[in-house]
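A.B. asks: Coordinates for the following, if possible.
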Amino acid sequence: MRILTGKKWRGGFLDYHRNKKEYRIQVLAWKNLEKLENVYHTRPKSLRLLWNYLPVVGFEGLLTKTWSRLREDRRNEKYVACGVGTVIEGAGDARFPIGSIVCFVAPWHPALAERVVLPEELVFAIDTAATPKVPDGTILHAPLARGKNELPWWKPVRAWSTYAGIALSTETISELERGLRIELSATDWSRADRMNASHPAPVALVHGGVPTSGHSNQQLTRLARRAGESRRATDGSTSSPSLREPEGSSEPRTARAESRDNRQPKMGILYGFGNYAKTNIIPYSRPFVNIRTVHEIDPTQIAGAHRVERWESSPFPAENERAEVYFVASYNHTHVPITLHALAQGAYVVVEKPVVMDHDELAEVEVALRKAGRKLFVGFHKRYGLFNRLALEDLKVEPGEPISYHSIVYELIQPEFFWYNWPVSRSTFLSNGCHQVDHFLHLNGFSKPKDAGIKLLQDDAVEVWIELENGASFTTTFSEKGVSRVGPRDHVELKVHGRNVRITDAIRYQSEDNHRIIRRRRIVKTNSYKDMYRTICAKIAANEPGDTIESVLITSKIMLDLEEKLQHMKHWGTRYDIAKKEFEKRFF
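C.D. replies: The predicted structure is shown next:
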């Protein structure tokens, strides 16, 4: 389909995924209400910023991060909009049959999309008299007006998403409908831009494979023609003046002793094509795994990965989807369904943290792992860093002997509308604080926790302590008051009697005893991610086992126990449980 992005009307984008409670609408008229700020972590285009990052991530890391961030300009451009369109795929409520003319509110969308997918709560009936006159083969586009509406009627859904787990109340829906009708009636559509919408491409949820939109090409052509007939019914005109045009083999080996380099790479699927996947998963999984398919729900994100043969906009695997390796880097609360799908077919799965969001999900994953075996790797990069080996040598401890761990972590504050703030995402401590907790457990051979506690401070920082059965202790202060000069920061000290290791920002290492500095070392921050994915993927290529089941369970359980306590301290009540049910109601 076509999307207005970067002030250009471009074609070739995949359509949005549609769940059972949503309508797919061919847009006839579109009005931008507000450009959203603070939706994503963005960086200014600054030479000083590049200079700051160079010693942290190195030259290679700087190039990949810059390339990735520049390609996110299309994604970052999000608006709240409203408009009028034709239903071309129906929702479960069947209020509006296919071919119906409707009005809608479209939060969290590009400046204009040729087709949108919206839940039934944001789609409303429209009187024929109120329908704008739209020439055939055209979309009327009213750009963002100057000035600021101090009391926007769309405020309750400014950055609302069907993935957020946020229910819309009857009162909110009524207010939105009232505001929408007033907005549309007050819009002078004769002054709107006329965008070329002639010859619409069929709905496509897949690029590089057979379309899976649920309609045949013949059906979609008929629906597009009906949308054009709806325009003519409201205008009687077939002319479209002043249109803006769109731009338009050796045998695989099985013995572990054989060389991995000569193996056939395994075929992989990636879920989530954000900055992390672009800069770490895609480049560092080669040459052991070829990621041939990528699932990404935001059409403006889809582009730019070499060797990717197939793109899909669906958030979850189809029942018959098969792969040898699944990489899961999508929204945190979507990890478990994909992980269970992969394990059920005996595939490997590399899942980003957190593996699970609650104890019920942990129980499901445990059952699947007991059945499938060690097929899961968790993306805890601190397990794979060079500094771990150096620390064990310099502290002179054997694996499993107690190493106490003390850290201060400064994360960046999350943008107002960033998805980490959705109630279904739980706390940022669960999402990000897990790195230090898992690193501590890893260094101590996953000795079981015997006691733990968490405290919420008055400035919203979090203090955590853990004691293990082997005698090791852990403390951390987790704060979101960091500065953005070089991203998140952390200071870690590892201690045994008479010896100490200090790791700063995961790039500087120093060990010492009572008499001297034992060793200093410096690396670039991206080394740990490169080492992690190359180590994991080499093991997968050699059919070696994944993380131990006990390591997955121990880290996940202690994090969930701490999260439950933090949830109580934040007075969130059943906020997450309600959000999870709302999300599942829409997708399962």
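A.B. asks: contacting residues for residue 502?
C.D. replies: Contact criterion CB atoms under 8 Å, 6 or more residues apart in numbering gives 491, 492, 493, 509, 510, 511, 512 as the residues in contact with residue 502. Every residue, glycine included, has its C-beta placed from N, CA and C.
A.B. asks: Sitting in strands, which of those do you find?
C.D. replies: Secondary structure of the contacts of residue 502 is defined by DSSP state E; positions in strands are 491, 492, 493, 509, 510, 511, 512.
A.B. asks: for those, which one is nearest residue 361?
C.D. replies: Distance from residue 361 was checked for each of the ones in strands among the contacts of residue 502 by CB to CB. The minimum falls on residue 492, at 28.8 Å.
A.B. asks: What about residue 565, how many residues nearby?
C.D. replies: The number of residues packed near residue 565 is 16, by other CB atoms under 10 Å.
A.B. asks: Likewise for residue 503?
C.D. replies: Counted with other CB under 10 Å, residue 503 comes out at 24.
A.B. asks: Tell me the bridge partners for it.
C.D. replies: According to DSSP bridges, the partner residues bridging residue 503 are residue 492, residue 509.
A.B. asks: wait, isn't it in contact with residue 511?
C.D. replies: No: with contact defined as CB atoms under 8 Å, residue 503 does not count as touching residue 511 (9.6 Å).
A.B. asks: So for the two, which residues contact both of them?
C.D. replies: Both residue 503 and residue 511 are in contact with residue 391, where contact means CB under 8 Å, 6+ apart.
A.B. asks: quick revisit: take the contacts of residue 502 and write them to TSV, including distance to residue 137 and pLDDT.
C.D. replies: TSV is the format used below for the contacts of residue 502 (distance: CB to CB, whole Å; pLDDT from 0 to 100):
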residue	distance to residue 137	pLDDT
491	61	96
492	61	98
493	67	98
509	63	98
510	68	98
511	70	98
512	74	98
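A.B. asks: So which of those is the closest to residue 154?
C.D. replies: Nearest to residue 154 out of the contacts of residue 502 is residue 491 (CB to CB; 43.2 Å).
A.B. asks: Please verify my assumption that that closest one contacts residue 407.
C.D. replies: Yes: with contact defined as CB under 8 Å, residue 491 reaches residue 407; the gap is 6.3 Å.
A.B. asks: of the two, who's got more company?
C.D. replies: The residue with more neighbours, out of residue 491 and residue 407, is residue 407; 22 against 15, by other CB under 10 Å.
A.B. asks: partner residues bridging the more buried one?
C.D. replies: The partner list for residue 407 in beta bridges (DSSP bridges) reads residue 476, residue 492.
A.B. asks: wouldn't it be in contact with residue 493 here?
C.D. replies: Yes: between residue 407 and residue 493 a contact is recorded at 7.3 Å, counting by CB under 8 Å.
A.B. asks: which of the ones in strands among the contacts of residue 502 count as buried?
C.D. replies: Buried residues within the ones in strands among the contacts of residue 502, counting neighbours by 16 or more other CB atoms under 10 Å: 492, 509, 510, 511, 512.
A.B. asks: Now the residues you listed in CSV, please, with extra columns for distance to residue 205.
C.D. replies: Formatted as CSV, these follow (distance: CB to CB, whole Å):
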residue, distance to residue 205
492, 44
509, 47
510, 52
511, 53
512, 57
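A.B. asks: and which of those residues is nearest residue 160?
C.D. replies: For these, the minimum distance to residue 160 (CB to CB) is 38.4 Å, reached by residue 492.
A.B. asks: Let me see the contact set for the closest one.
C.D. replies: Residue 492 makes contact with 405, 406, 407, 436, 439, 502, 503, 504, according to CB under 8 Å, 6+ apart.
A.B. asks: what distance separates the helix ranked longest in the chain from the middle of the whole chain?
C.D. replies: Ranked by residue count and defined by DSSP state H, the top helix of the chain is helix 47-71. Remark: helix 47-71 is offset 21 Å from the chain centroid, using CA atoms, centre = their mean, to the nearest Å.
A.B. asks: Also stretch 266-282?
C.D. replies: When distances are taken as CA atoms, centre = their mean, stretch 266-282 is centred 11 Å away from the chain's centroid.
A.B. asks: got the buried residues for that stretch?
C.D. replies: The neighbour-count criterion (16+ other CB under 10 Å) identifies 266-275, 277-282 as the buried residues of stretch 266-282.
A.B. asks: Equivalent analysis for stretch 368-380, please.
C.D. replies: Buried residues in stretch 368-380, defined by neighbour count with 16+ other CB under 10 Å: 368, 369, 372, 375, 376, 377, 378, 379, 380.
A.B. asks: and that stretch, C-alpha only, in CSV?
C.D. replies: What follows is stretch 368-380, C-alpha atoms only, in CSV (Å, rounded to 0.1, in the frame of the first residue of the first chain):
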residue,chain,number,x,y,z
ALA,A,368,7.5,-26.8,27.0
LEU,A,369,11.2,-26.9,27.9
ARG,A,370,10.9,-30.2,29.8
LYS,A,371,9.3,-31.7,26.7
ALA,A,372,11.5,-30.1,24.0
GLY,A,373,14.8,-30.1,25.9
ARG,A,374,17.4,-27.4,26.0
LYS,A,375,16.3,-25.5,22.9
LEU,A,376,16.1,-22.0,24.4
PHE,A,377,18.8,-19.3,24.6
VAL,A,378,18.1,-16.1,26.5
GLY,A,379,19.6,-12.8,25.2
PHE,A,380,21.5,-11.9,28.4
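A.B. asks: Residues contacting it, please?
C.D. replies: Counting by CB under 8 Å, 6+ apart, residues outside stretch 368-380 touching it are 329, 339-340, 342-344, 346-353, 355, 365, 434-435, 438-439, 442, 532, 536, 539-540, 545-549, 551-552, 555.
A.B. asks: Are any of those buried, and if so which?
C.D. replies: Buried by 16+ other CB under 10 Å: 329, 339-340, 342-343, 347-353, 355, 365, 434-435, 438-439, 442, 532, 536, 539-540, 546-547, 549, 551-552, 555, out of the contacts of stretch 368-380.
A.B. asks: In helices, which of the residues you listed appear?
C.D. replies: 339-340, 342-343, 365, 434-435, 438-439, 442, 532, 536, 539-540, 549, 551-552, 555.
A.B. asks: tell me what the helix or strand hosting residue 568 is packed against?
C.D. replies: Residue 568 is part of helix 549-569 when elements are defined by DSSP states H and E. Judged by 3 or more CB pairs under 8 Å, 6 or more residues apart in numbering; DSSP states H and E, the packing partners of helix 549-569 are helix 359-372, strand 376-378, helix 434-443, strand 449-456, strand 462-468.
A.B. asks: isn't residue 280 right up against residue 531?
C.D. replies: No: in terms of CB under 8 Å, residue 280 does not count as a neighbour of residue 531; the distance is 11.0 Å.
A.B. asks: just to revisit the earlier point, for residue 325, find the nearest of the helices and strands packed on helix 549-569.
C.D. replies: The stretch from the helices and strands packed on helix 549-569 with the least distance to residue 325 (CB to CB) is strand 376-378; that distance is 9.5 Å.
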